[in-house]
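Peer 1: Test case, fold it:
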Amino acid sequence: MREPPIGEAVDDDEWIPDGVMWPPEREIDLSEVHESLAKAVAGSRGVKFYTTRLIDVPSDASLGNVQMAMDEVAGDVCGIYLTTYITSVDAQTNEPVLVDEATRPFKFRCDCDLEEAISIFCRNLRMAGIIP
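Peer 2: Presented below is the predicted three-dimensional model:
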């Protein structure tokens with residue numbers, strides 16, 4: 001059993017999870033960063049790049065990946081959301097042809113840690129109807 005905010009006990013099977021979650025983010029090299037994110041922060045100094053997957057909590061399905069560029073000193077953050085689609089099947093190998101699609105880079109100020117920055121970015125993705 002868990003304790004809901006109102007203070008009444010609720011059985012776990014009555015609780016309906018929602019939103020997204022992500023496993024621990026990891027730092028990535030510039031060579032792993034999507035081209036649009038790299039262009040959006042070109043010329044910035046002290047930027048570190050991170051990535052993580054987004055998981056839909058109710059279905060436990062993978063939604064896509066997030067890449068973030070964070071300048072902790074300046075308090076600037078820029079993020080993109082990446083999804084992968086199968087566009088066709090290679091006729092010779094019979095393997096799927098995968099294409100990454102990225103949202104436009106979203107820049108915002110954040111004097112917070114990476115976890116909070118990802119949360120803010122996800123909230124904006126949800127408000128735009130990009131993720132559930």
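Peer 1: quick one, phi/psi of the residue of the chain most remote from its centre?
Peer 2: Each residue of the chain has a distance to the centre, and by CA atoms, centre = their mean the biggest one is for residue 92: 34.1 Å. Backbone geometry at residue 92, expressed as degrees, to the nearest 10, gives phi -80, psi -40.
Peer 1: quick one: contacts for it?
Peer 2: Residue 92 is in contact with no residue at all, counting by CB atoms under 8 Å, 6 or more residues apart in numbering. Any C-beta I mention is one placed from the backbone N, CA and C, and that applies to glycine too.
Peer 1: Contacts only, for residue 125.
Peer 2: Residue 125 sits in contact with 81, 103, 131, where contact means CB under 8 Å, 6+ apart.
Peer 1: Between the residues you listed, which sits nearest residue 55?
Peer 2: Proximity of the contacts of residue 125 to residue 55, judged by CB to CB, is greatest for residue 131, which lies at 10.4 Å.
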